[in-house]
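> need a structure here:
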Amino acid sequence: MDILSLLIFILPCYVANAAPVLLGGGAPMDLGASLGDGRRILGDAKTVRGFVGGVAAGTAVGGMLALFLPLAFFAGAWMQFLSGFLLSLGALFGDAAGSFVKRRMGLEPGKPFILDQAGFIIMGLMFAYPVAHGMYTVGGVVFLLALSWLLHLSTNVAANRFGLKRVPW
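Numbers count the residues shown, from 1 in each chain. As a prediction, this is how the structure comes out:
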C-alpha cells in the first residue's frame, strides 16, 4: 500500500481524535460517576459533545474522501465511508479507554501517558479492520503508528501554544 493511500485511509481517525479539542465541552461522558476505587470513570475532559462531535467530524471527512478521493481498495464509496465512520468511532473509544486506564492507575488528568498517543490509532484500526483488513500490512501499520505518535505530540504542543489545551501532551 502506498503512503498516500494510507494517509487518505487514516485521515478520518486523525480528524476524529483532534476534533474534540474544538468541539468538546459540556457534560462529561461519565456524568461525574466514580468506580469503587473512588476515581472517576473517565474524567471531565471526555465529554459527550466532544465524543459525538469527533465521530461526526471524522465520519464527514471519511464521506468527503470517499466521494472525492476514492481508494481503489474499497468496493465502492459506501465501504470507504463505512471505514471512515469505524475509524472515527474507534479513535474516540480508544481515547476514552486510555482515560479509563489512566484513572485506574491513579494518573492525574493531563499527565502524559503512552495510550494518549497510541490508543486512538490502535482502536481506530481495530474498529475498521472488518471492512478494511486488506489495507493492513505490517509495514503500513508500523508507519501509521509512528506517524500518529509524531503527529499527536506535535499537534498537542501547537494546541497548547494556541491556548486550546492546558498541557502540551
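> Provide a list of residue ranges in this protein with pLDDT below threshold.
Within the chain, the stretches with pLDDT under 70 are 1, 109-110, 169.
> Give the buried residues for stretch 127-147.
Buried positions in stretch 127-147, judged by neighbour count with 16 or more other C-beta atoms under 10 Å: 127-128, 131-132, 135-136, 140, 143-144, 147. (Each C-beta comes from the backbone N, C-alpha and C, glycine too.)
> try stretch 26-40
Across stretch 26-40, burial judged by 16+ other C-beta under 10 Å covers 28-30, 39-40.
> Can you tell me which of the buried residues of stretch 127-147 lies closest to Gly54?
Phe127 (13.3 Å; C-beta to C-beta).
> My understanding was that that closest one contacts Ala97; is that so?
No - the criterion here is C-beta atoms under 8 Å, and Phe127 misses it with Ala97 at 11.6 Å.
> Just the ones of the buried residues of stretch 127-147 in helices?
Those of the buried residues of stretch 127-147 mapping onto helices are 127-128, 131-132, 140, 143-144, 147, per DSSP state H.
> could I get the buried residues of stretch 127-147 as TSV with distance to Ile121?
Converted to TSV, the buried residues of stretch 127-147 look like this (distance: C-beta to C-beta, whole Å):
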residue	distance to Ile121
Phe127	11
Ala128	11
Val131	17
Ala132	14
Met135	14
Tyr136	12
Gly140	12
Phe143	11
Leu144	6
Leu147	9
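> now for those residues, which pair is the farthest apart?
That would be Val131 and Leu147, which, of these, are the farthest apart (C-beta to C-beta) at 21.4 Å.
> List the contacts of the most far-flung residue of the chain relative to its centre.
Relative to the centre of the chain, the most outlying C-alpha is that of Gly36, 28.0 Å out, by C-alpha atoms, centre = their mean. Gly36 makes no contacts at all, as judged by C-beta atoms under 8 Å, 6 or more residues apart in numbering.
> Quickly note the distance from it to Arg104.
In this structure, Gly36 and Arg104 are 11 Å apart, going by C-beta to C-beta, to the nearest Å.
> closest to Phe93 among the buried residues of stretch 26-40?
Using C-beta to C-beta, those come closest to Phe93 at Met29, 10.8 Å.
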